[in-house]
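A.B. asks: Based on what follows, work out the 3D shape:
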Amino acid sequence: RTVAPVLLELGRAELEAGQIANAVETLLLARERARPDSGTLWEIEEALLRTARSSGRLGQLAQALQRGGKRNKPNSFRLLGRVLDEMGEIQEAIDAYRRALRHQPRELETRERLIRLLSRDGRLEEALREHRALVRVAPREPRYLVQLAKLLSDTGEREQALRLLARTGRRFARDRNIRRALYQLYTRWDEHELALEQLQALSRIEPRQTAHLVMLGEQLMALGRREAALAAWRRIPRAAADRAQGHATVGSLYLDHDLELRALAEYREAVRLQGDKNDPMTRGSLCARTSRFLYRQYSPERFTSPML
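C.D. replies: Here you go, the predicted structure:
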């Protein structure tokens, strides 16, 4: 079995030399010699797929994998499923994945591929059953719970999906990736209050992330809570690594919502803060023209059309 990595390198060398047929045979032999639980096996399978794909030999690879019959290793069915999927042989690929899972029911990636294939083929009820099995195998993986909720919604079980997401949010309350995933799903489903809760949680989990505060304010504005939105945006300069940039961000947000006077105040603060006190020439001061630039730029008395 220690020969497998050497055979893998030989197959790659043959591929580089343009000896495609030899490379496929060498990689198949390497695959037979590799340990089932080794990372080398995955490398070999990826190399086999790339080689067969680039040389138009997917059909030959599928035939080589099928020739083993009952002597085929469980991993052969996993790879066969991938090859058949790429060839567009949907049902044959599904059958191969299921045979692989009968031998290795805890193999997560194979079940994920099967679920994606079933969903793509419109067989949502079957995909849902497989996804429930996936969650039973890996109950502590939150992204599987989020994906299950999406499938439940796709099959008309929106209320059940919402209950599952609520439990997931409570269980993984400090997981920022799950909070982002929940926000995206709630937004897609027009559950705006629930989406707002995720943004509020994100702003607590990562208080220095100004993007959360920007989105929180936008969500509040969309819900008609103007003062709460402004309060969220006022927190941005304190959270920002560059306070001047934080004021500029708030000014831009105010302009987007037609709050010109508030924007002007923020931009003035940004300019005031941007003077470099360590500069040996300016000592942090700005010239008269620059210090009044933003006032002139956004003044209601500025020229807005050519002087004719």
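A.B. asks: Strands along the stretch 51-200 of the chain, start to end?
C.D. replies: Assigned by DSSP state E, counting those that start in this stretch, the strands in the stretch 51-200 of the chain number zero.
A.B. asks: can you give me the helices in it?
C.D. replies: Under the criterion DSSP state H, counting those that start in this stretch, helices of the stretch 51-200 of the chain are mapped to 58-66, 74-87, 90-103, 108-120, 124-137, 142-154, 158-171, 176-188, 192-205.
A.B. asks: In JSON lines: these, plus distance to residue 11, mean pLDDT and mean neighbour count.
C.D. replies: Where C-beta positions appear, they are placed from N, C-alpha and C, glycine not excepted. Converted to JSON lines, those look like this (distance: least, CB to CB, whole Å; pLDDT from 0 to 100; neighbours: other CB atoms under 10 Å):
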{"stretch": "helix 58-66", "distance to residue 11": "13", "mean pLDDT": "83", "mean neighbour count": "18"}
{"stretch": "helix 74-87", "distance to residue 11": "15", "mean pLDDT": "87", "mean neighbour count": "22"}
{"stretch": "helix 90-103", "distance to residue 11": "23", "mean pLDDT": "94", "mean neighbour count": "18"}
{"stretch": "helix 108-120", "distance to residue 11": "22", "mean pLDDT": "95", "mean neighbour count": "19"}
{"stretch": "helix 124-137", "distance to residue 11": "32", "mean pLDDT": "96", "mean neighbour count": "17"}
{"stretch": "helix 142-154", "distance to residue 11": "34", "mean pLDDT": "95", "mean neighbour count": "20"}
{"stretch": "helix 158-171", "distance to residue 11": "43", "mean pLDDT": "96", "mean neighbour count": "16"}
{"stretch": "helix 176-188", "distance to residue 11": "37", "mean pLDDT": "96", "mean neighbour count": "18"}
{"stretch": "helix 192-205", "distance to residue 11": "46", "mean pLDDT": "97", "mean neighbour count": "18"}
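A.B. asks: would CSV of those with distance to residue 247 be doable?
C.D. replies: Shown next, in CSV, are these (distance: least, CB to CB, whole Å):
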stretch, distance to residue 247
helix 58-66, 57
helix 74-87, 52
helix 90-103, 55
helix 108-120, 45
helix 124-137, 46
helix 142-154, 36
helix 158-171, 33
helix 176-188, 26
helix 192-205, 18
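A.B. asks: Those: which one's closest to residue 6?
C.D. replies: Closest to residue 6 of the helices of the stretch 51-200 of the chain is helix 74-87 (CB to CB; 19.3 Å).
A.B. asks: what separates that closest one from the chain centre, distance-wise?
C.D. replies: 25 Å (CA atoms, centre = their mean, to the nearest Å).
A.B. asks: swap in stretch 141-149?
C.D. replies: The chain centre lies 13 Å from the centre of stretch 141-149; the measure is CA atoms, centre = their mean.
A.B. asks: who's in contact with that stretch?
C.D. replies: With contact meaning CB atoms under 8 Å, 6 or more residues apart in numbering, stretch 141-149 is reached by 115, 128, 131-132, 134-135, 138, 161-162, 164-165, 167-168, 171-172, 175, 177-178, 181-182, 185.
A.B. asks: go with 7 Å
C.D. replies: For stretch 141-149, contacts defined as CB atoms under 7 Å, 6 or more residues apart in numbering pick out 131-132, 134-135, 138, 161, 164-165, 168, 172, 175, 178, 181, 185.
A.B. asks: contact partners of the helix or strand that contains residue 217?
C.D. replies: Secondary structure from DSSP states H and E places residue 217 in helix 210-222. Here helix 210-222 makes contact (CB under 7 Å, 6+ apart) with 195-196, 199-200, 202-203, 206, 228-229, 232-233, 235-236, 239-240, 246, 249, 253, 257.
A.B. asks: Residue 247: what's it in contact with?
C.D. replies: 237, 266, 269, 270, 273.
A.B. asks: May I ask which of those residues has the most neighbours?
C.D. replies: residue 266 (26 neighbours; other CB atoms under 10 Å).
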